[in-house]
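> following is a predicted model, sequence given first.
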There are 2 protein chains.
Amino acid sequence: MIFPCRLYRSNSAVRREGLQQVVRGNKYTVTDRLELKKGEKPTLKTIARLSGLAVPTVSRALNDAPDIKSATKVRVREIAEGIGYVPNRAGVRLRTGRTNVISLVLSTQHDLTNHTGSLISSIAGALQGTPFHMNVTPYFPNEDIMKPIRYIVETRSADAVILNQVAPNDERVRYLMDKNFPFVTHGRSLWCDQHPYYDFDNEIVGDRAMRKLADRGRRNILLIAPPRDQFYAKHTIDGCERAAKDLGIAITTHPTITSDFPRIPLTDEIADFLQKYPEIDGIICASTSSAMASVASLERIGRNLGEDIDVFAKEAVSILEWFRPGILTVFEDVTIAGDFVARAAMQAVKNPDAPPMQCLEKPVF
Amino acid sequence: MIFPCRLYRSNSAVRREGLQQVVRGNKYTVTDRLELKKGEKPTLKTIARLSGLAVPTVSRALNDAPDIKSATKVRVREIAEGIGYVPNRAGVRLRTGRTNVISLVLSTQHDLTNHTGSLISSIAGALQGTPFHMNVTPYFPNEDIMKPIRYIVETRSADAVILNQVAPNDERVRYLMDKNFPFVTHGRSLWCDQHPYYDFDNEIVGDRAMRKLADRGRRNILLIAPPRDQFYAKHTIDGCERAAKDLGIAITTHPTITSDFPRIPLTDEIADFLQKYPEIDGIICASTSSAMASVASLERIGRNLGEDIDVFAKEAVSILEWFRPGILTVFEDVTIAGDFVARAAMQAVKNPDAPPMQCLEKPVF
DNA sequence: AGATGTTTCTAAATCGATATAGATTTTTCT
DNA sequence: AGAAAAATCTATATCGATTTAGAAACATCT
């Protein structure tokens, strides 16, 4: 049946007869309604055809809009369920600007242990069953730290970002707050009271490390601290120094190397330091690899772990107890962090006015 | 100026006068052309306005279509460059179905060392400067291995997937080949001659491990093999057994444990095995953690590494040399794998008819 | 019955890109 | 010069969703 333009019948009228109307040029063709769909993926249009409703009605029904009869909502949802409808992400994104993507912006430090992997897995786990996907945007040591952030914000390629290795006065944090773009940090910034974050309380780590060493009679401690540009370096150092004052023992932060250095310089420098200052009887390490290097260097110069010197380390993967018996450790569970930052990111997207989710995790000894 | 429908002037005519025409209802409004853009993000429309060309012309110019004058292409590209145009991914995706996303489907094995992190970084590195983004879709031990794959294919949420931990008769590979969906495997399948893959030649690893141990006078070797469902387990075992026959020495694959087991059962079982079969004088380990467990177990039962027994291991992160001196190792550089699979995935997307990129990497001793 | 108000739905426009078909312009040929 | 062919560009429809404004259906009141 072909009707010229004038004979156009309202869609609702046509549909009531169980038919379907198609516009082609200025002609309206009324065809039989297809009760079943072919082997192609269902869209709102499919549901509209099957239900006899208009596409926007279907959309609003699925989004639980207040102006749709609840009987209609039920019917639409049943059809959607029945044919396995999944919203097209490109369509939603184009129209609304929402990407349903959370982007994890990571430095590509070639770390020894798999805590990056754990972080990624746990974030993905938290995102399971939600409409959110996870995108990983690594940045490389030689490139501008702002580049990936600016890219994401300017192209709106994610709804929120998750950052790690946060500096106190972090340029990325400033930028994101300024742009009012949702984000979560793994680690605190100077303005962390105003944004979502998860952090492990490294001040307590430092404090308790000192006390453990003091309990074992150690009086002159060397700290292999995290890189100074990251805020948790300050937290760790503060914790150690406060405890040192409290306990009346000595603490020295190694002046040149940090816990993220590669194996060779770490081992060499620590060995040198121990030989120059033989009174050192305890080492606190902010990472697994610096702990291994510490042990290697004291073995090199003939000191005895657990006897004339102790090593304390924070680790995110339990490996040091395999390495040598007697290393003192505290475990930082990165999967908790991943789960938290993922949920905080979703919260920041869905509910931007709610107070930001924040967690300062107490280490368990 | 407002013109009724009849007085509509062709866009080219209007533009030639340096004006711009807007359709509103059935009225056409001709306004002054904006020479400069405001503070919002540029689209093809912006370039069209600034250049006086039609939107499709701009699109085709940027895509280097053959029917656009090269002078026009230059002009359009200059404007695009000048205003910092970046194509809207949702627009492209909706229209073309191309997502410019490559999805890495990973198992969330809680691995000790950071080779997953290295893989992710190196893939990201290879994707830098291309239009492709990387998406990570982990799957969990308790869930259907096909679920993420089916999701990606059915919703077309990526242009290609990268798989690891490939089984000989891998269901995912079968499905993807059947659907003709671009993919790359890290590891071989039974049909790997027909699809892109990267694999480390574990047959050679097994062979050379045996020879190294034989060189050191070892005659009874225990193999802690990878999990049997993965193809590289067979390659490793084959390599060892072939060399064993060749060299006239004995090889036993541990019957119950595999190289991915957790620390405790690994250590216990290996210690038991060594006590039951004291003639064992060499162990080949397919992973870092099984090598550590092997060392721990022989220390527990009083055997001496490097003296009455040797341990050979494959590792993706150099850590065993820190662990104990004397462990024999071969290094598998995961970053090469990541770079290769990323390029192979892009190739599979952009040039589906070209022969698949394949690499069987020879280990370096 | 007619006016008024509510509830529920629909039409049309839109987001940004591209494919298709068709319209100009320019070049070539007779 | 005029016709035919080639080169270059434009108009329109489209992908799948949502927003807006307005229409239809139904209920309530006088």
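Ah, there it is.
> find the centremost residue of chain A, please.
With distances taken as Cα atoms, centre = their mean, A:Ile162 lies nearest the centre of chain A, 4.4 Å away.
> that one and A:Ala348, how far apart?
A:Ile162 sits 10 Å away from A:Ala348, going by Cβ to Cβ, to the nearest Å. For every residue, glycine as well, the C-beta is placed using N, CA and C.
> which neighbours do these two have in common?
A:183-184 (Cβ atoms under 8 Å, 6 or more residues apart in numbering or on different chains).
> count of residues packed around A:Thr256?
Neighbour count of A:Thr256, defined by other Cβ atoms under 10 Å in any protein chain shown: 9.
> neighbours of A:Val173, how many?
Applying other Cβ under 10 Å, we find 24 residues neighbouring A:Val173.
> please, which helix or strand holds it?
Element membership for A:Val173, per DSSP states H and E: helix A:171-179.
> against which helices or strands is whichever helix or strand comes after that helix packed?
As assigned by DSSP H and E, the chain's next helix or strand after helix A:171-179 is strand A:183-186. Applying 3 or more Cβ pairs under 8 Å, 6 or more residues apart in numbering or on different chains; DSSP states H and E, one finds that strand A:183-186 contacts strand A:160-164, helix A:171-179, strand A:197-200, helix A:334-350.
> nearest to DNA strand C, of those?
Closest approach to DNA strand C among these (Cβ to the nearest atom of the strand): helix A:171-179, 17.3 Å.
> pretty sure the residue nearest to the centre of chain A is touching A:Ser103, no?
Yes - with contact defined as Cβ atoms under 8 Å, A:Ile162 reaches A:Ser103; the gap is 7.2 Å.
> tell me the residues of the stretch 1-150 of chain A that contact DNA strand D?
A:10, A:12, A:25, A:41, A:43-45, A:55-56, A:59-60, A:62-63, A:67, A:85-88, A:90-92, A:94-96 (Cβ under 7 Å from any atom of the strand).
> only the buried members of those residues: can you turn that into a PyMOL selection?
To isolate the buried subset of those in PyMOL, counting by 16 or more other Cβ atoms under 10 Å in any protein chain shown, use the following:
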select buried, chain A and resi 43+44+59+60+62+85+87+88+90+92+94
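> all strands for the stretch 101-250 of chain A, in order.
Using DSSP state E, counting those that start in this stretch, the strands found in the stretch 101-250 of chain A span residues A:101-107, A:133-139, A:160-164, A:183-186, A:197-200, A:220-224, A:250-253.
> tell me how far the fifth one lies from the chain's centre.
Think strand A:197-200. Counting by Cα atoms, centre = their mean, to the nearest Å, strand A:197-200 is centred 11 Å from the centre of its parent chain.
> the helix or strand where A:Ile79 lies and DNA strand C in contact?
Per DSSP H and E, A:Ile79 falls inside helix A:70-83. Yes - for a cut-off given as Cβ under 7 Å from any atom of the strand, helix A:70-83 has contacts with DNA strand C, namely A:Thr72.
> give the buried residues for that helix.
Buried positions in helix A:70-83, judged by neighbour count with 16+ other Cβ under 10 Å: A:73, A:75-77, A:79-80.
> who are the packing partners of it?
Applying 3+ Cβ pairs under 8 Å, 6+ apart, one finds that helix A:70-83 contacts helix A:44-51, helix A:55-62.
> tell me the helix or strand right after that helix.
helix A:89-96.
> I'd assumed A:Gly206 was in contact with A:Asp238.
Yes - A:Asp238 lies in contact with A:Gly206 (Cβ under 8 Å); the separation is 6.9 Å.
> the two: who's more crowded?
Each of A:Asp238 and A:Gly206 has its neighbours counted (other Cβ under 10 Å); A:Gly206 has more, 28 against 14.
> touching, that one and A:Ile284? I think so.
Yes - applying Cβ under 8 Å, one finds A:Gly206 in contact with A:Ile284, separated by 7.1 Å.
> please enumerate the shared neighbours of these two.
Both A:Gly206 and A:Ile284 are in contact with A:223, A:240, where contact means Cβ under 8 Å, 6+ apart.
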